[in-house]
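Chemist: Okay, predicted coordinates and the sequence, questions at the end:
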Amino acid sequence: MPSAVQTLDISPVGRVEGDLDVRVNIQDGVVVDAWTQAELFRGFEIILRDKDPQAGLVVTPRACGICGASHLTCAAWALDTAWQTEVPRNAILARNLGQLVESLQSLPRHHYGLFMIDYTHKNYSSSKYYKEAVRRYAPFTGANYEIGVTISGKPVEIYALLGGQWPHSSYMVPGGVMCAPTLTDVTRAWSILEYFRREWMEKIWLGCSLERYEQIKSYDDFMAWLDETPHHANSDLGMFWRMSIDCGMDKYGQGHGRFVSWGYLPHEDKYQKPTIEGRNAAVIMKSGVYDGRSDTFKLMDQNFTREDTAHAWYDEPGGLHPFDRKTVPTQKNAVDMGGKYSWATAVCHDESGRLEAGPLSRQLIAGGKHGESWQHYDPLVLDMYKKLGGASVMLRHFARMHEGVKLYRQAEHALREFRLNDPWYIKPNERDGRGWGATEAIRGALCHWIDVKDGKIKNYQIIAPTTWNVGPRAADGTRGPMEQALIGSPIKDPSDPVEVGHVCRSYDSCLVCTVHAHDAKTGEELARFRTA
Amino acid sequence: MASENGATLKAIADMLADGLETQVEPFPETDKEFAEILLQLRQLDTKDLKAKLVISGFLDHPYGPDRQRCLECMYYLVHRKWCDLPELSVPVEPDWWCRLWRI
Ligand code: SF4
């Protein structure tokens, strides 16, 4: 006789940003089905309708409290492409720098403030690493928790040097940036960056120099590095890896195995006359779609984006490109897991279907040989993906943290390349037209579409990384990436399913979540809790 | 690491107790003067403790009529007893002071 299926609702899954409800069905202690439900209607698309074209610069950074620079980047490049501006080299570097330091900020903040806290959960009390995990990562009192959370505020001090404040600055504008850093600002930024490297990246996170870490190019290199000295093994990275393996975080959280990145960081000499079509060949970190089943890469093009609304609360046809959407919210949004159950649409690639966005996607795509020869290439995470048998909670989080050194180097590049006496802004001519701006927020692919008509916004559409990842089922029944990644998660205690939290937090969604536990057979609720 | 910080803290305390003369004045009243002191600090070897203390005007007691001290400074991290100004980044006691003090 088949064993009973238990249903677990997680609402909101805490320590991710926003509001996300997760329901899971459990059978024999394993998740066999899952639904992710974005509970809040965001409505920025409606707020921006008929507004001044530049309204997006002020409004959209408020879409997120933690990645406003990424929204601002998209809003600015969207208008640049619509208005056919010229963006000076310095401005491209200053925009990149703003986004880079925001992403650097996010690494220790997410690692210590959101992710590693779970490693102090009683589930892992039998692990040989547990005591040390509690000493380092216990919320508020853990030795490294405090260091990590306080150091995370440093990189965005560089953002404040450029934009006057962080978050929610609007210093990126069509035609450039509204700042002109002085030499003092630049040297100050260097000090802050080096402090971040010295006091956290090298001392706490890696236990070695950035240069030594950069020599790691394969899974075997990484394992050799781990064993090389106690400094590496006992660093927070070494500890994360060893405890993750010990507790089985490498065994679940797989997902669809198909990944997307818009690419990011336009090259300062290659995107001064930005166009939608020219972007792929102008970004330092290349775009792409990686299919893990066939091990194939291709470039990502915004033309392929579709939004399926079969299970989302919108009264409009499914399968539309964002330029063709009207954003008509359903007025009576009753939850129906067999019908509509989320404010997120199911974002798809017209040919490749549902795709996962995020740092793991970026790092897998960095291992592809597609794109331009000068673009960034890094085979490490792709090699790990293949040797470890695909995605997992552990690899997804590792990919995110692995990116830190590269972000750091790119921030150095921006500071080194500024030419302080050259222009930072070229006044554009306003015009009607369609624009598109994209980037990679730390948690994944982000882009804005804008249609300007009669000097006003006719249509503004945003697809955030979380829309890709927490979207509901598509019309054909395909699960959303996070729904799929939850399948197979082992649940030790259905009244306290921390494993569901691991999967959700490995995506670092822009939504806060709640868990609900039900016995699917009887419908009885077993547990409901916030994981923060 | 805690013991390393403890040793540095003691080394600083000893230098100050031994009467190390530091540049307490002039206090940087504007951003420009503040930036000039930071520039001098940046040119040092990050491990050159003594020069750091001298340039930033360290004292092992509160300073001035307002009795300014690390404890109320924006760079002070309470739990770690740490100065988080990147150019200094040293352990400090809450009752100490330097002329880079900021609220
Ligand atoms: S800047 Fe000076 S006053 Fe402020 S914490 Fe550091 S040492 Fe103390």
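Modeler: Structure's in. What do you need?
Chemist: Could you list the buried residues of the helix or strand bottoming out on mean pLDDT in chain B?
Modeler: Counting by mean pLDDT, DSSP states H and E, chain B has its least confident helix or strand at helix B:2-17, which shows a mean of 90. By neighbour count on 16 or more other Cβ atoms under 10 Å in any protein chain shown, the buried set for helix B:2-17 is B:9, B:12, B:15-16. Heads up, the C-betas are built off the backbone N, CA and C, glycines and all.
Chemist: Spell out which parts of chain B neighbour chain A.
Modeler: Within chain B, the positions near chain A by Cβ under 8 Å from any Cβ of the partner chain are B:1-2, B:35, B:38-39, B:42, B:46, B:77, B:79-80, B:84, B:86-87, B:89.
Chemist: Need the max-distance pair from those.
Modeler: B:2 and B:35 (32.6 Å; Cβ to Cβ).
Chemist: Ignoring the adjacent residues along the chain, who's closest to the residue of chain B found nearest chain A?
Modeler: With Cβ to the nearest Cβ, the shortest gap between chain B and chain A falls at residue B:86, namely 3.4 Å. The spatially closest residue to residue B:86, leaving aside those adjacent along the chain, is residue A:195, at 3.4 Å (Cβ to Cβ, 6 or more residues apart in numbering or on different chains).
Chemist: Name the helix or strand for that neighbour, please.
Modeler: Here residue A:195, judged by DSSP states H and E, is contained in helix A:183-196.
Chemist: Identify each buried residue in that helix, please.
Modeler: Neighbour counts using 16+ other Cβ under 10 Å place A:184-186, A:188-196 of helix A:183-196 among the buried residues.
Chemist: nearest to chain B, of these?
Modeler: Chain B has its nearest neighbour among those in residue A:195, at 3.4 Å by Cβ to the nearest Cβ.
Chemist: ok, the closest residue in space to residue A:171 that isn't next to it in sequence to the ligand distance?
Modeler: In this structure, residue A:171 finds its nearest non-sequential neighbour in residue A:163, 3.8 Å apart by Cβ to Cβ, 6+ apart. Counting by Cβ to the nearest ligand atom, to the nearest Å, the gap from residue A:163 to the ligand is 24 Å.
Chemist: Pull the number of nearby residues for the closest residue to chain B within the stretch 201-350 of chain A.
Modeler: As assessed by Cβ to the nearest Cβ, chain B sits closest to residue A:203 within the stretch 201-350 of chain A, at 7.5 Å. For residue A:203, the neighbour count with other Cβ atoms under 10 Å in any protein chain shown is 18.
Chemist: What of residue A:443?
Modeler: By other Cβ under 10 Å, the residues close to residue A:443 number 28.
Chemist: which residues touch it?
Modeler: Residues near residue A:443 by Cβ atoms under 8 Å, 6 or more residues apart in numbering or on different chains: A:67, A:106, A:357-359, A:465-466, A:507-510.
Chemist: so how far is the ligand from residue A:364?
Modeler: Applying Cβ to the nearest ligand atom, the value for residue A:364 to the ligand is 43 Å.
Chemist: For that residue, which non-adjacent residue is spatially closest?
Modeler: Nearest to residue A:364 is residue A:290, by Cβ to Cβ, 6+ apart, at 4.7 Å.
Chemist: quick one, strands of the stretch 251-400 of chain A?
Modeler: Applying DSSP state E, counting those that start in this stretch to the stretch 251-400 of chain A gives strands spanning A:258-261, A:264-266, A:283-285, A:288-291, A:296-298, A:305-308, A:346-349, A:356-357.
Chemist: Tabulate those (a markdown table), appending mean neighbour count and mean pLDDT.
Modeler: Listed next are the strands of the stretch 251-400 of chain A as a markdown table, based on neighbours: other Cβ atoms under 10 Å in any protein chain shown; pLDDT from 0 to 100:
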| stretch | mean neighbour count | mean pLDDT |
| --- | --- | --- |
| strand A:258-261 | 27 | 98 |
| strand A:264-266 | 26 | 98 |
| strand A:283-285 | 24 | 98 |
| strand A:288-291 | 23 | 98 |
| strand A:296-298 | 16 | 98 |
| strand A:305-308 | 23 | 98 |
| strand A:346-349 | 24 | 97 |
| strand A:356-357 | 28 | 98 |
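Chemist: Surely residue A:72 is in contact with residue A:60?
Modeler: Yes - the criterion here is Cβ atoms under 8 Å, and residue A:72 meets it with residue A:60 at 7.1 Å.
Chemist: residue ranges for the strands of chain B, please.
Modeler: B:76-77, B:82-83 (DSSP state E).
Chemist: Determine how far the last one lies from the middle of the whole chain.
Modeler: If you compare the mean C-alpha spot of strand B:82-83 with that of the full chain, they lie 8 Å apart, counting by Cα atoms, centre = their mean, to the nearest Å.
Chemist: now do the first one
Modeler: Strand B:76-77 has its average C-alpha position 11 Å from the chain's average C-alpha position, going by Cα atoms, centre = their mean.
Chemist: Residues of the stretch 151-300 of chain A that sit close to chain B?
Modeler: So the stretch 151-300 of chain A meets chain B at A:154, A:184, A:187-188, A:190-192, A:194-195, A:198-199, A:203 (Cβ under 8 Å from any Cβ).
Chemist: how about those in a markdown table, adding distance to the ligand and pLDDT?
Modeler: Formatted as a markdown table, these follow (distance: Cβ to the nearest ligand atom, whole Å; pLDDT from 0 to 100):
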| residue | distance to the ligand | pLDDT |
| --- | --- | --- |
| A:154 | 14 | 95 |
| A:184 | 18 | 90 |
| A:187 | 18 | 92 |
| A:188 | 14 | 93 |
| A:190 | 18 | 95 |
| A:191 | 13 | 94 |
| A:192 | 14 | 96 |
| A:194 | 17 | 95 |
| A:195 | 13 | 95 |
| A:198 | 16 | 95 |
| A:199 | 14 | 94 |
| A:203 | 19 | 96 |
